[in-house]
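Peer 1: I need the structure of the sequence given here:
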Amino acid sequence: MITIAVDCMGGDYGPKVTLPACIQFLEQHPDASLVVVGLATAFQDFSHPRVKIIVTTEMVTMDDPLEVALRRKKDSSMRVAIQQVKDGAAQAAVSAGNTGALMAISRYVLKTLDGIERPAIAGQIPNATGGATTVLDLGANVDCTAEHLLQFAVMGSALVSVLSGKATPSVGLLNIGEEVIKGNEVIKKAGELLRSAAKSGDLNFYGNVEGNDIFKGVVDIVVCDGFVGNVALKTSEGLASMIGSFLKDEFSKNIFTKAAAIAAYSVLSALKNRVDHRRYNGAALLGLRGLVFKSHGSADVLAFNNALERAYDAARNNLLDRVQVRIAHASPLLVSQSAVQ
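Peer 2: Alright, predicted model coming up:
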């Protein structure tokens, strides 16, 4: 049995979305069980033979400061769900709650892996190939060193190899140009480290990539700092929203625009489905001594179910062990500059 702990109170909609998604997920996976965690009021008329319910007295809200979420709400559904992973009662945890709080609590409860200074958020952005490009970091670390970017690349490679089956997924370093001489000092040094990692067989480093390459699907993985990664993610989500709004607006206009919209509907619908971020919901918090996945706060049932799917795949394919193996192999390169000095 693969057991996943679920913070059912997190996100914009809480149990109205998380619990139906849990039932849907269990119907699709007879070899899975869930530990659902939340307030007592969430579980009225809810039961399943493969669900264990843990009632808590608190929940982390989307606007809770980190100090409140981490220090004061020790019986929150988010913290108790992560504790299940720490205690070995679950192989992974999933939450749609406050991202900053989830990272802080996960790091506090689970701790980081040896060789990793900062955990990163790794998620997928739809690309033109019909698949998705894995990007990290998506917002956990605004200021990164070259060593951090190398760590992200190693962890991201392990994640993609597990979820896609590719033994050596390609890695690109996000830059303002493909040339080696471009970028600031951090990016230039990161490029050197990534090329060294490629020579030692730790990575399949493609080279520098630009922002549009994320959406072209030039590489499997793109590494960048969290500020840039978060902007790219929001841009992708905005594109899907824009296409959806366009389809809705065109059908509400006059007969001529309706006719044009009908003619193009199948093409636009296919495009909307391709860039639909719900299909790729579920970002991994990499670098921790346990598996934690972050669902989008506005996730619907389909999206949250996909987050559960990603956690299930990661646990079933021993993602944590694979990350540790890759980190151990690349450890000579993962020493921070401060440690060297």
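Peer 1: so what's Arg79 closest to, chain neighbours aside?
Peer 2: Nearest non-adjacent residue to Arg79, counting by CB to CB, 6 or more residues apart in numbering: Ile105, 5.2 Å away. C-betas here are computed from N, CA, C, even on glycine.
Peer 1: Report pLDDT for the one you found.
Peer 2: Ile105 carries a pLDDT value of 96.
Peer 1: Across the sheet, point out what pairs with the most centrally placed residue in the chain.
Peer 2: Nearest to the geometric centre of the chain sits Ala283, at 1.1 Å (CA atoms, centre = their mean). Beta bridges link Ala283 to Lys294 when assigned by DSSP bridges.
Peer 1: again with Leu136
Peer 2: Beta-bridge partners for Leu136, by DSSP bridges, are Ala122, Val223.
Peer 1: Return the distance of it relative to Leu286.
Peer 2: 7 Å (CB to CB, to the nearest Å).
Peer 1: Which residues are in contact with each of these two?
Peer 2: Ala120, Ile121, Ala122, Phe152, Met155, Gly156 (CB atoms under 8 Å, 6 or more residues apart in numbering).
Peer 1: Please report phi then psi for Pro66.
Peer 2: Actually, residue 66 is Leu rather than Pro. Leu66 adopts backbone torsions of phi -60, psi -40, taken as degrees, to the nearest 10.
Peer 1: what's the pLDDT at it?
Peer 2: 91.
Peer 1: what sits against it?
Peer 2: Counting by CB under 8 Å, 6+ apart, Leu66 touches Gly100, Ala101, Ala104.
Peer 1: Neighbour count and distance to Val160 added to these, as CSV?
Peer 2: Formatted as CSV, these follow (neighbours: other CB atoms under 10 Å; distance: CB to CB, whole Å):
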residue, neighbour count, distance to Val160
Gly100, 16, 25
Ala101, 25, 27
Ala104, 17, 26
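Peer 1: for those, which one is nearest Ser295?
Peer 2: Within these, proximity to Ser295 (CB to CB) peaks at Ala101, which comes in at 13.7 Å.
Peer 1: Hmm, that closest one is touching Val60, no?
Peer 2: Yes - counting by CB atoms under 8 Å, Ala101 touches Val60, with 5.0 Å between them.
Peer 1: between these two, what contacts are shared?
Peer 2: Joint contacts of Ala101 and Val60 (CB under 8 Å, 6+ apart) are Ala69, Met78.
Peer 1: quick one on the thing from earlier: number of residues surrounding the residue nearest to Arg79?
Peer 2: For Ile105, the count of nearby residues is 28 (other CB atoms under 10 Å).
Peer 1: Quick check: which element contains it?
Peer 2: helix 99-110 (DSSP states H and E).
Peer 1: how much space between Val60 and Ser164?
Peer 2: From Val60 over to Ser164 (counting by CB to CB), the distance is 32 Å.
Peer 1: can you check Arg118 too?
Peer 2: 24 Å.
Peer 1: Ala90 too?
Peer 2: According to CB to CB, Ala90 stands 24 Å off from Ser164.
Peer 1: Among those two, which residue is more densely surrounded?
Peer 2: Ala90 (27 against 14).
Peer 1: Looks to me like that one is in a helix.
Peer 2: No - read with DSSP: H, G, I helix; E, B strand; the rest coil, Ala90 is coil and lies in no helix.
Peer 1: Quickly list the domain ranges of this protein.
Peer 2: 1-110, 117-279+318-341 (automatic domain parsing).
Peer 1: Endpoint to endpoint, the first one covers what distance?
Peer 2: Just to be clear, that refers to domain 1-110. 22 Å (CA to CA, to the nearest Å).
Peer 1: Residue numbering should commence at 38 henceforth.
Peer 2: Shifting the count to begin at 38 puts that one at domain 38-147.
Peer 1: Work out for me the element the residue lying closest to Leu186 once chain neighbours are set aside sits within.
Peer 2: In space, and not counting its chain neighbours, Leu186 is closest to Ala227: 4.2 Å by CB to CB, 6+ apart. Under the criterion of DSSP H and E, Ala227 resides in helix 222-236.
Peer 1: Understood, closing this out.
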